[in-house]
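A.B. asks: Next one to model:
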Amino acid sequence: MRQSWGLSLLLGLCWLSPKAQGARVATAPQAVLRLEGGIYAPQLSSNSRYLAYTDAEGLSLRVLDLNSQDVVELSRGKVGPSFLWTPDGNRLFFRELLREGKNLNTHIKVFDATLQKISEIQTIEGSSGYLSFDPRSYKLYLVHEHGLYQQQLEYPTRTRPKWTQKPGLPYVVWIATQKAMLQLKDGGLTWETIPDDGSGVQSFAVSPDGQSLAWATEAKNLYMKQSADAKPILIGKGRDPAWHPYRSLLVYAAARMIGPKVFDYDLRVLDLKGQTRYLQQTPQLAERWPVWLDSDTILYTAEAATDLLRLRLTPEVPTPPPSAPIASAHEPKP
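C.D. replies: Just a heads-up that it's a prediction; the model follows:
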């Protein structure tokens, strides 16, 4: 379906080619476009053309074509954060949970954005976790009630990720479920639950080299695991992690606290050395769901808002200053 936009296009689509705009530094976030409904859990395709997102309940999975401004609704079932773009940026895999009679079943589907066609790949009886992708093997993973679903993606021009595999590190696959993050070893023969606060997984992100993992829980705690052998680290209160496409930087929505309660979110960047830096401090605007448009531009939205915002950093993403370590980092309790 085509969505009615009203004042949808706020700045034109010049933001699709930020490098052509020179080395300007945005001193404030800019509204790029406005949708009729909110934007939740957005995932940007690698070619920066398509943006997939859901509503606040994890329903109504949609894809926005940033060139034509068309919005297509792919599913009205329960999807949550269980969708991801293929490395070429032209297909979107997603898992939806549908109530069929007395049973809740899992449907794995793929949307071809070029052909504008949805195909069903697999139907599995019962519920399941979230679709996960290993960028090294190009495999999709999904834990369900009867075992582990795997699918190999094949690309003739497939290349290694820009982050290179570090020699000597054990090979591990990160898989997300509603309840916890899993660490898959031995080619899928064994897996173990990664300890956190136990409240369930709200969002997660695997680094481009497949080695590091960041995830947020329903209790609004953000964790990081830098390798298979490393212990989980509690970064602090936050949500919505997103790795830089080729640098060891993580952007996320950092929580602002009043006592034990979260009252706001601001974007914050962290590197693997544990150094952090706030990108924004915007009272009364809860900044959420950042995604990297390119190496120095972040798209994001805000709670209870319909605008897609752009934050332009310096041409080189600034390395957080060493004077701002993570003071609260510690191992989570099992």
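
A.B. asks: and E218, what does it touch?
C.D. replies: The contact partners of E218, by Cβ atoms under 8 Å, 6 or more residues apart in numbering, come to S199, G200, V201, Q202. Every residue, glycine included, has its C-beta placed from N, CA and C.

A.B. asks: go again using 6 Å as the cut-off
C.D. replies: Shown in contact with E218 (Cβ atoms under 6 Å, 6 or more residues apart in numbering): S199, G200, Q202.

A.B. asks: Give me the next element, helix or strand, following the helix or strand bottoming out on mean pLDDT in the chain.
C.D. replies: In the chain, no helix or strand scores lower on mean pLDDT, DSSP states H and E than strand 30-34, which sits at a mean of 81. As assigned by DSSP states H and E, the chain's next helix or strand after strand 30-34 is strand 40-44.

A.B. asks: Walk me through which strands that following strand pairs with, and which way each runs.
C.D. replies: strand 50-54 (antiparallel) (DSSP bridges).

A.B. asks: Convert the partner strand to CSV, retaining C-alpha atoms only.
C.D. replies: Output in CSV follows, covering the C-alpha atoms of strand 50-54 (Å, rounded to 0.1, in the frame of the first residue of the first chain):
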residue,chain,number,x,y,z
TYR,A,50,15.1,0.8,2.3
LEU,A,51,14.1,1.3,5.9
ALA,A,52,12.2,-1.5,7.6
TYR,A,53,10.4,-0.9,10.9
THR,A,54,7.4,-1.9,13.1
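
A.B. asks: who wins for most neighbours among the contacts of E218?
C.D. replies: The most crowded member of these, judged by other Cβ atoms under 10 Å, is Q202 (19 neighbours).

A.B. asks: Sketch out the low-pLDDT regions of this protein for me.
C.D. replies: 1-27, 155-170, 186-188, 314-334 (pLDDT under 70).

A.B. asks: For R91, grab phi and psi.
C.D. replies: phi -130, psi 140 (degrees, to the nearest 10).

A.B. asks: Could I get the contacting residues of it?
C.D. replies: V110, D112.

A.B. asks: Go again with 8 Å.
C.D. replies: By Cβ under 8 Å, 6+ apart, the neighbours of R91 are W85, V110, F111, D112, A113.

A.B. asks: Point out the ones among those that are inside helices.
C.D. replies: With DSSP state H as the criterion, helices contain none of the contacts of R91.

A.B. asks: Show me which of those residues is closest to Q122.
C.D. replies: Comparing the contacts of R91 against Q122 with Cβ to Cβ places V110 closest, at 10.2 Å.

A.B. asks: who's the closest one bridged to?
C.D. replies: F93, S119.

A.B. asks: how close does it get to D196?
C.D. replies: Separation of V110 from D196 (Cβ to Cβ, to the nearest Å): 30 Å.

A.B. asks: now do V206
C.D. replies: 16 Å.

A.B. asks: packing partners for whichever strand or helix holds L309?
C.D. replies: Assigned by DSSP H and E, L309 belongs to strand 307-312. Strand 307-312 sits against strand 30-34, strand 297-302, with contacts defined as 3 or more Cβ pairs under 8 Å, 6 or more residues apart in numbering; DSSP states H and E.

A.B. asks: which stretch among those strands comes nearest K273?
C.D. replies: Of the helices and strands packed on strand 307-312, nearest to K273 by Cβ to Cβ is strand 297-302, at 20.5 Å.

A.B. asks: ok, the closest one: who's next to it in the sheet?
C.D. replies: strand 287-294 (antiparallel), strand 307-312 (antiparallel).

A.B. asks: which residues are contacting the strand or helix carrying T106?
C.D. replies: In this assignment (DSSP H and E), T106 forms part of strand 103-112. By Cβ under 8 Å, 6+ apart, the residues outside strand 103-112 that reach it are 63, 72, 74-75, 77, 90-98, 117-128, 131, 142, 144, 149.

A.B. asks: Same question for stretch 286-293.
C.D. replies: 15, 18, 39-44, 48, 239-240, 242-245, 251-253, 264-267, 280, 298-304, 309-310.

A.B. asks: Put the buried members of these into a PyMOL selection.
C.D. replies: The PyMOL selection below is limited to those of the contacts of stretch 286-293 classed as buried (16 or more other Cβ atoms under 10 Å):
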select buried, resi 15+18+39+40+41+42+43+44+48+239+240+242+243+244+251+252+253+264+265+266+267+280+298+299+300+301+302+309+310
